[in-house]
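# Sharing a model prediction with you, sequence too.
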Amino acid sequence: MEKRAILAALLMAGLLMIYQLLFVKPPERQPPAAPQTKEATPAPSSIPPLAPSPPPAPLPKEGPPVPEGSAVVETPLYRAEIGSSGGRIEAWNLYFRGEKAMVLPGLVASQGLLVLRAGQPPRPIQFSLSAKSLKLGKDSPEAELRLIGEDEFGLRVTQILRFRADRYTVEHHLSVENRHTVAQSAELALTWASPIEWPKEQEHFGGARPIHIVRLAKGEAWARREVLSKAENYLGDAQWVGFESGVAPTGQNGVYLTALIPKSAGFKVTEGKQEAPKANGQKTVQAAEVGVRAMVPLLQPGQAWDGRMLSYLGPMEYDRLKALGVGLEKAIYFGGFPIPESWAARYGLPTLRMEWIVVPTLGLMRWFHSYIPNYGVAIILLTVVTKVLFFPLTLKSMASMKAMQALQPQINTIRSKYKSDPQRMQQETMALYRAHKVNPLGGCLPMVVQVPIFYALYDALSVSVDLQNAPFLCLGKLFGSELWICDLAKPDPTYVLPLLMGASMFIQQKMTPVMGDPRQAKMMLFMPVLFTFMFLNLPSGLVLYWTVSNVLQIAQQKYMELSAKKLEKGPRAPKKAA
């Protein structure tokens, strides 16, 4: 039994280590690239065209130039700036757990709507804007920005951007009209790009830094997720493609998503790399790009073509992403237990989808938060609920361990008597268990049942964007350092909470009934030290859950001891009448 307990504890520690190694890997380091100080002309992509285009029409005379301009869009969720060159998003600042920039010109940027033709470099359409500012709120829940422009080959492109006050989405309604005297076609592309290696001077700019490319193929249960350096040249059908972003300076766990979603037939998604000129014009720097392309069919003079797509720039909140109905929630990978879901699908192995447990867990935590607006308190209440649900199993485990402890002297006698006959020793030991109706696995099975639940809670607190900048007991700052827990998504800067967790785990181990070799009990006392070091750099929200869980476990063990003592004393004898 004592060996199984050690094995169970090591298994839980190993799960945490393996999760960190496999699923929380920082991006690969490469020589740093210098920042782009100016916005460059869109670089050629390595992605092949959709189909060979017909020869371009003769170049007509240039029309009057369209002046450069931009439109500001203000909503309760973000502030955006749309430029006239390609209708690109020049700024997008989220109002979510503070203000965070999703766009940084010259680094993380939209290249706008480009026209691609055979033998020609990509060209952005110069649009005229229907408004200079839009303000959305309760009185104006929706608004449209109309962009109209024409290229030098006579294609008039109209792009209607629809914004909503309660969503992080932009609806793109595209219309292309051939105003030339000959038939022609072209490709339209809307792409986002980010350098593979972040410039050192921009590593801590305080925005959402792309760390992975995510792409959902049709019919798949989760999105393909790769670091930027492993971007592949892809052009084909998919439900959506985008950048998963972290928060500088850590950049390890994705909490924000920039996604492009085709909504009309004929659209393809793209993924690849490009080379953009540096400021000195000599060297090049690799960048990863994602986008959507559409092949405009051959249009006769006066004919038009329409298409639709959707952009999402916001936090990776499961409920919000799922409500869009395009599968964006599959960008959040919950994994599987005990085998990652991707491995299970590849090799045909059974596994438990953590999504089935994690999503309800997050829903319960948010429900608590709706009544008590503090996520630290919500985590404590979630822990209490978990302990209450598993209290019957915990009681059975403790009772079984107590029974095993009571039989330990007799078991030691059997071991000494039959030490030269292992088979007889096993038979006599099992006979002793049957005589006293003790299950030797009774103390371990409840622990094994709780391992997937613990993993699910770990997963929930690891992927939850709700904990970003969410304080628990924030006492302010001292000499620039936070006191105490001002962000549940970050490690405790004072290390007080991990030390409290280690102390509670040590007390719990000391209270656990000792069985078997005392040297093995001493080995178990090393586990709190190991876990303390493991939890030093984990999110405070997870450490808070584990600490509260230990404290409640101590209370349960104390309750069992008091109950056992009352049973040993038996009922009090009635007082004799005087």
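Happy to help now that I have it.

# Which residue ranges make up the domains of this protein?
2-21+350-568, 75-333 (automatic domain parsing).

# residues contacting the closest residue to Gly69 other than its chain neighbours?
The shortest distance from Gly69 to any non-neighbouring residue, by CB to CB, 6 or more residues apart in numbering, is to Ser84 (4.6 Å). All C-beta spots, glycine's among them, are computed from the backbone N, C-alpha and C. Residues near Ser84 by CB atoms under 8 Å, 6 or more residues apart in numbering: Val66, Pro67, Glu68, Gly69, Ser70, Gln126, Phe127, Ser128, Leu129, Leu147.

# Pick the one among the residues you listed closest to Val548.
Closest to Val548 out of these is Ser70 (49.5 Å), distances taken as CB to CB.

# how near is the closest one to Gly266?
30 Å (CB to CB, to the nearest Å).

# ok, which stretches of the stretch 301-450 of the chain are helices?
318-323, 341-347, 355-371, 375-389, 391-417, 422-435, 445-463 (DSSP state H, counting those that start in this stretch).

# can you pull the buried residues of the first one?
This points to helix 318-323. By neighbour count on 16 or more other CB atoms under 10 Å, the buried set for helix 318-323 is Tyr318, Arg320, Leu321.

# swap in stretch 225-235?
For stretch 225-235, using 16+ other CB under 10 Å, the buried residues are Arg225, Val227, Leu228, Ala231, Tyr234, Leu235.

# Stretch 163-171 now?
Those would be Phe163, Ala165, Arg167, Tyr168, Thr169, Val170, Glu171, for stretch 163-171 by 16+ other CB under 10 Å.

# From those residues, which land in strands?
Phe163, Thr169, Val170, Glu171 (DSSP state E).

# which one of the buried residues of stretch 163-171 is nearest Ala470?
Tyr168 (18.9 Å).

# Test my guess that the closest one contacts Tyr312.
Yes. Tyr168 is within contact range of Tyr312, at 5.9 Å (criterion: CB atoms under 8 Å).

# Could you export the buried residues of helix 318-323 as JSON lines, including distance to Gly98 and pLDDT?
What follows is these, written out as JSON lines (distance: CB to CB, whole Å; pLDDT from 0 to 100):
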{"residue": "Tyr318", "distance to Gly98": "21", "pLDDT": "88"}
{"residue": "Arg320", "distance to Gly98": "18", "pLDDT": "91"}
{"residue": "Leu321", "distance to Gly98": "20", "pLDDT": "92"}
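
# So which of these is the closest to Glu142?
Arg320 (17.5 Å).

# Quickly note the distance from the closest residue to the closest one other than its chain neighbours to Val241.
Excluding its sequence neighbours, the residue lying closest to Arg320 (CB to CB, 6+ apart) is Gly314, at 7.2 Å. Going from Gly314 to Val241 by CB to CB gives 16 Å.

# got it, and Met505?
44 Å.

# what about these two, which has more around it?
A count of neighbours by other CB atoms under 10 Å puts Val241 above the other of Met505 and Val241, at 28 against 25.

# thought that one was touching Val290?
Yes. Assessed by CB under 8 Å, Val241 is found in contact with Val290 at 4.7 Å.

# which parts of the longest helix belonging to the chain are buried?
Taking DSSP state H as the criterion, the chain has its longest helix at helix 540-569. Of the residues in helix 540-569, 540-554, 556-557, 560 count as buried by neighbour count, 16+ other CB under 10 Å.

# Now do that helix, average pLDDT.
Taken as a whole, helix 540-569 carries a mean pLDDT of 80.

# let's number from 249 now, not from 1
All set: I'll call the first residue 249, so the last point we hit is now helix 788-817.

# got the angle for it vs helix 639-665?
70 degrees (axes from the mean of the first three to the mean of the last three CA atoms, to 10 degrees).

# packing partners for helix 788-817?
helix 623-637, helix 639-665, helix 693-711, helix 744-759, helix 775-783 (3 or more CB pairs under 8 Å, 6 or more residues apart in numbering; DSSP states H and E).

# how far out from the middle of the chain is that helix?
33 Å (CA atoms, centre = their mean, to the nearest Å).

# same deal with stretch 393-411?
The answer for stretch 393-411 is 35 Å, by CA atoms, centre = their mean.

# do the same with stretch 782-802
Worked out by CA atoms, centre = their mean, stretch 782-802 lies 20 Å from the chain centre.

# who touches that stretch?
Contacts for stretch 782-802 (CB under 8 Å, 6+ apart): 261, 264-265, 623-624, 627-628, 630-632, 634-635, 642, 705-706, 709-710, 712, 715, 718, 720, 733, 735-740, 743, 745-746, 748-750, 752-753, 755-756, 759, 779.

# Is Gln407 bridged to anything, and to what?
For Gln407, the beta-bridge partners under DSSP bridges are Leu395, Leu422.

# same thing with the one 5 residues further on?
Counting by DSSP bridges, Arg412 is bridged to Glu390.
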